[in-house]
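Visitor: Sequence below, structure please.
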Amino acid sequence: MTLTQSTMTLLDTLDALSQRRLNHREDLGILLDLGALPNRSATLDDLAFRAKFLTRTFGIMQRIGREGNGYDRLESEFAVNMDAARGHLRSLLAGAPDNVRDHFSSTYLAFNTGGLSNLMALLGDLAWYKNWLLDSKQARA
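Guide: Predicted coordinates:
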């Protein structure tokens, strides 16, 4: 899938914001382009919000460990938000070519260790997009 020029420009901005730490730049670009389609921006925005929540929550869960205070509650919230994030990914991909849907399904939505690891990395990239959205909104205020 060929990315639009505006998405390529935004990816350059996100790459700089993240200090070149984007893990799945091309796939993030695909999601940004799909989110720009009619009636999809709210889905992308909610996915980005959940991505930021999930990456932060996952970090906290790793830091405190299973025996940590509040871990069970965090694990429950993580599971609910991960299901919603996967649903948003599927919604965005509904308008994508078959090869793109197949790639995302096998790379990010597979229920195995590799799929979860890849999905968390992609969510980290989406969290940078959410940070950019927040920074852009503050700059306009």
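Visitor: Return the residues in contact with the closest residue to residue 60 other than its chain neighbours.
Guide: The shortest distance from residue 60 to any residue other than its chain neighbours is 6.3 Å, reached at residue 74 (C-beta to C-beta, 6 or more residues apart in numbering). All C-beta atoms are positioned from the backbone trio N, CA, C, and that covers glycine. Residue 74 makes contact with 57, 60, 61, according to C-beta atoms under 8 Å, 6 or more residues apart in numbering.
Visitor: Please compute how far the helix or strand in which residue 9 is found lies from its chain's middle.
Guide: Assessed by DSSP states H and E, residue 9 sits inside helix 5-17. How far helix 5-17 lies from its chain's middle: 15 Å, per C-alpha atoms, centre = their mean, to the nearest Å.
Visitor: what's that helix packed up against?
Guide: Under the contact definition 3 or more C-beta pairs under 8 Å, 6 or more residues apart in numbering; DSSP states H and E, helix 5-17 sits against helix 25-35, helix 113-140.
Visitor: Quick check: which of those is nearest to residue 84?
Guide: Residue 84 lies closest to helix 113-140 among the helices and strands packed on helix 5-17, at 11.8 Å (C-beta to C-beta).
Visitor: Would you mind listing the buried residues in that closest one?
Guide: 115, 118-130, 132 (16 or more other C-beta atoms under 10 Å).
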